[in-house]
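Chemist: here are the coordinates; sequence isn't available:
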């Protein structure tokens, strides 16, 4: 089934780069700020990975979306602007990269709004949001709608964009999935303990091609999540380039920024907002 | 050695789909019901995965068995019936998806019977059972026999169907194995912490083909366990399709529902019920 | 460098089967005896895996060594004899499959002697020993020598057989290694928690061939450790068969029982016993 | 962009061997010194792996750098000299292999200086340092400069050499990365618990070739970290040989010792020292 957001293609690809820098490590424990190696491991992302990625996108002529924590934008003042200048989208990725489900509702709101303030101060327009660790709470969509953002990209209830009703109006969901995330394939640190075996880019590109082919068959949104500190490494970036070239050669894959997909979904009256609610969990059935 | 249940083939394939939805996550802790992303990750199974799987089975003309927790059937009233209407079997997969070995005997019995009540209320005939997490206790086979079900599919004592004696009469066991389960290959969540590396469908299909070939050689039951929230993803579903097409092309693989295999085993006087008992464990030898 | 134990070949292959059955699971906690599925997972080894393995060895005409815990031999009275009757070696693999390093010296001794008593009562000659979990303590070699056994196969100080001096005389060590063990590749259970991802037999056979080729180059002992409850599965057993056929086709690999390799090493005056002692560990350097 | 340290090549390869022997295991707990198997697993590195590696380097005519903990050099008196005699570099890898971030500043300093004393007593010139577990603290670069060493190789802030400013003058950083370390691919021990699945050398060599190709494209330092107790195994060493032969056949890869790369970087006025500081971490943002 083809919808307007497909733009005539079989699959739409949104390349998204989560520019987390030091934040996931500090969120795991502020003591890790004392680990010089771990900090250098993370700073590689904005310092080495992002410039290479921007050049790669230029060479291939594909647009992308960069999800940036407010803390990162604040600590690297020119970063967000340098991305926008190259024609890409910068989007909201929390302030601190702490997962919403690990915060109180008030903490999540404060963190959410602090990131918006950073972007506002830098003159960066924000259309969408992705929860840190994709850890959306049941409050998250409402926060997004309330602050005038048009989309979220943290949930997994489908592999095609959908609309979510909230008390503050509907938003678009651009769903993600673990299998289209480079973190589980590449991330490794002993402290905080992250990852297990480190996969080869050959395997990762193979897996992404298999999913793209499936999504071309089922007419889905291929929403790839890549981290500059991981996929910015030389061999992995060549694998990402090879994957994008494969997708371009397919001839039926449309590349778009998240905001553009969200706008196309918003404009399609055939896509009704879904009302999703937390399950009622009977403590007699689930005592733990 | 060929038995009547082989139906003249070298291997019999039972495609089984465990429609767990939210239950394994809630069983890991009811607090995870507050995690909107985790809930969306699970609802993808019945909402997106199952319809696609039903279409795939139709296209390929193969029957299957869907193991559904009572909680899931109850929360999605039309689901079980929609599976039966397409010619497939719905079977008992606990009520709550809590493992029997994590419950008292009374809790296991109550959970077992509550699922039966759900299916009875929906007019769904139930012939067999699979323990949540395959965590059968020594009481489980007896519960199955006592309630008139004909088979279990949770144990690993063989790779051919066998019969188990219980105090309430014999049942058939259709054995499973971790290597024929998509969970260990694909499942990943940070909270509750599930999985490590996420495998490529290319590797998974290769592994299943290797096992099928071994089972054609040794004349076994290829009892595949697939989860719609995992293998319902586009690339993985194409890999499953490719695997089924491979099995069909072999020419010596018979596809059947679990209940049909169980009935063939029941009707075969050459298969004697086995009496299996828990090992006597001397605390002097095993103090922990 | 070629020694008499090479028998003119470039590499010597000892196929060893650790017939652990239920013991590793009970050693992880006697409560797991209540887990019917886990027990069935383990009983598959002696019940289904071992007969298939014996047939495979017959077909290929290669000898092997079966390391059997005393508990297993005791609970399955005919098992050890059935292996010896087919021309293979049965060796000592502890009584309980508890690791020596998890026992006191007295417990290790009692466990060691209890296994010997089981084999003596069954009329099974024992020439060698392998520690449970390869967890040899510094006392283990001495126990082996003291009881008149000729070899151990638990250590990793080389990839060629070597001799170890003990207070009770020298023994031969037939070294093992994690990369030649099917456990890390295939074993998976949620409780006790064992394993992570389950590997394909295609990968495992590839890895073993790579190591065999390396060992042909460096003239080593290819001491393969396989578990019937794991590699007895159909697809894995075909992969093992394919690996053995590959080794036979190499033309420079000699297959032998462990006891025969040990005897050849004993008879070689050029191999001097090594004296190995625990490191002195200064608590000022290693306070934890 | 090509710099003098490229020596006209597209990528520079530093083969580095971390001769850890027993130290990482003792650093995980001195009780593991009682585990004879674990100790044998580690002694394989200097006893079997290092001689084979030295022969391999001779055959291929490539230079290398061996990072040796002071404890290892002390316990194996001729080891460091035997490496230098073959034309390779021996460098500082802590005394005890305890991670700097797990020690106090005074402990790190004492450990650092104790290693220097060992090498001085053995007449081994030391030009550079690598932190145990790459666990550099913010004090580590200063210690290196203060003691007159010219480079560190523990950080990950780039994939080309860079200079770090310290209070005691600048040093060169030769960055490392987890994807160019054999530990995450091969290491496995149950106690202390290390590793998960063990990878095939075929996959590891594939991954390293992919990274080398990426680094030839981006003109980087391919700084490979290999452990003799892991990659000294026969099949893995053949894979390493195959990888080096591949790099040599590329024709645009220059092999060098770390000290030589560091000297070339020092001599290049275009490479300015970077000032890197720990992030300010607001406890209101990161309370944990």
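Modeler: Thanks, I have the structure now. Only a predicted model underlies this, so the values are computations on that prediction, with no experimental measurement involved.

Chemist: Excluding chain neighbours, what is closest to residue A:277?
Modeler: With sequence-adjacent residues excluded and distances taken as C-beta to C-beta, 6 or more residues apart in numbering or on different chains, residue A:277 is closest to residue A:138, at 7.8 Å. Using the backbone N, CA and C atoms, a C-beta is placed for each residue, glycine as well.

Chemist: Just give me the neighbour total for the one you found.
Modeler: 18 (other C-beta atoms under 10 Å in any protein chain shown).

Chemist: The stretch 151-288 of chain A against chain C: which residues are in contact?
Modeler: Proximity of the stretch 151-288 of chain A to chain C (C-beta under 8 Å from any C-beta of the partner chain) is limited to residues A:196, A:197.

Chemist: Could you rerun that using 7 Å?
Modeler: residue A:196 (C-beta under 7 Å from any C-beta of the partner chain).

Chemist: can you give me the helices in the stretch 151-288 of chain A?
Modeler: Taking DSSP state H, counting those that start in this stretch as the criterion, the stretch 151-288 of chain A carries its helices at A:183-186, A:201-218, A:228-231, A:234-250, A:258-266.

Chemist: is it true that residue A:41 touches residue D:154?
Modeler: No. In this structure residue A:41 lies outside contact range of residue D:154 using C-beta atoms under 7 Å: 10.7 Å.

Chemist: Residue A:25 versus the residue in the stretch 1-150 of chain A positioned nearest to chain C, what's the distance?
Modeler: Across the stretch 1-150 of chain A, the shortest distance to chain C (C-beta to the nearest C-beta) belongs to residue A:31, at 18.1 Å. As judged by C-beta to C-beta, to the nearest Å, residue A:31 and residue A:25 stand 10 Å apart.

Chemist: Give me the more crowded residue out of those two.
Modeler: Per other C-beta under 10 Å, whichever of residue A:31 and residue A:25 has more neighbours is residue A:25, with 25 against 14.

Chemist: Not counting sequence-adjacent ones, nearest residue to residue A:288?
Modeler: residue B:29 (5.6 Å).

Chemist: Spit out the contact partners of the residue lying closest to residue A:32 once chain neighbours are set aside.
Modeler: In space, and not counting its chain neighbours, residue A:32 is closest to residue A:25: 4.8 Å by C-beta to C-beta, 6+ apart. By C-beta atoms under 7 Å, 6 or more residues apart in numbering or on different chains, the residues touching residue A:25 are A:32, A:38, A:42, A:192.

Chemist: about what we covered before: need the phi and psi values for the residue nearest to residue A:288.
Modeler: In terms of degrees, to the nearest 10, the main-chain angles of residue B:29 are phi 160, psi 120.

Chemist: Just the pLDDT at it, thanks.
Modeler: pLDDT recorded at residue B:29 is 97.

Chemist: what's the burial count for it?
Modeler: Residues near residue B:29, counting by other C-beta under 10 Å, number 15.

Chemist: so residue A:45, which of the three states?
Modeler: Here residue A:45 takes the helix state, with states given by DSSP: H, G, I helix; E, B strand; the rest coil.

Chemist: The strand or helix carrying residue A:66 pairs with which strands?
Modeler: For residue A:66, the element it lies in under DSSP states H and E is strand A:65-68. Using DSSP bridges, the strands paired with strand A:65-68 in its sheet are strand A:11-18 (parallel), strand A:89-92 (parallel).

Chemist: Not counting it itself, show me its contacts.
Modeler: Contacting residues not belonging to strand A:65-68 are listed as A:14, A:16-19, A:80, A:83, A:88-91, A:93, A:130, A:257-258 [C-beta under 7 Å, 6+ apart].

Chemist: from these, which is closest to residue A:183?
Modeler: The nearest member of the contacts of strand A:65-68 to residue A:183, counting by C-beta to C-beta, is residue A:18 at 8.4 Å.

Chemist: So the closest one is in contact with residue A:223, correct?
Modeler: No. In this structure, residue A:18 is not within contact of residue A:223 by C-beta under 7 Å, at 11.8 Å.

Chemist: quick one: which of those two has more around it?
Modeler: Between residue A:18 and residue A:223, counted using other C-beta under 10 Å, residue A:18 has the larger neighbour count: 29 against 24.

Chemist: how near is the more buried one to chain D?
Modeler: Taking C-beta to the nearest C-beta, to the nearest Å as the measure, residue A:18 falls 18 Å from chain D.

Chemist: Up against chain B, what does the stretch 51-200 of chain A have?
Modeler: Counting by C-beta under 7 Å from any C-beta, the stretch 51-200 of chain A sits next to chain B at A:101, A:133-138, A:140, A:154-159, A:177-179, A:184-185, A:196-197, A:199.

Chemist: Mind doing that once more with 10 Å?
Modeler: A:99-102, A:131, A:133-141, A:152, A:154-160, A:162, A:164, A:173, A:175-181, A:183-185, A:195-199 (C-beta under 10 Å from any C-beta of the partner chain).

Chemist: buried ones in stretch A:270-278?
Modeler: A:271, A:276 (16 or more other C-beta atoms under 10 Å in any protein chain shown).

Chemist: residues in contact with that stretch?
Modeler: Applying C-beta atoms under 10 Å, 6 or more residues apart in numbering or on different chains, the external contacts of stretch A:270-278 come out as A:1, A:3-5, A:137-138, A:141, A:155, A:157-158, A:160-166, A:169-173, A:264-265, B:22, B:33-36, B:39-40, B:43, B:47.

Chemist: which residues does the residue in chain A positioned nearest to chain C contact?
Modeler: Using C-beta to the nearest C-beta, residue A:196 is the residue of chain A that sits closest to chain C, at 6.2 Å. By C-beta under 10 Å, 6+ apart, the contact list for residue A:196 reads A:184, A:187, A:188, B:195, B:196, B:197, C:196, C:197, D:184, D:195, D:196, D:197.

Chemist: mind putting the helices of the stretch 151-288 of chain A in a markdown table, mean pLDDT included?
Modeler: Putting these into a markdown table (pLDDT from 0 to 100) gives the following:
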| stretch | mean pLDDT |
| --- | --- |
| helix A:183-186 | 98 |
| helix A:201-218 | 98 |
| helix A:228-231 | 98 |
| helix A:234-250 | 98 |
| helix A:258-266 | 98 |
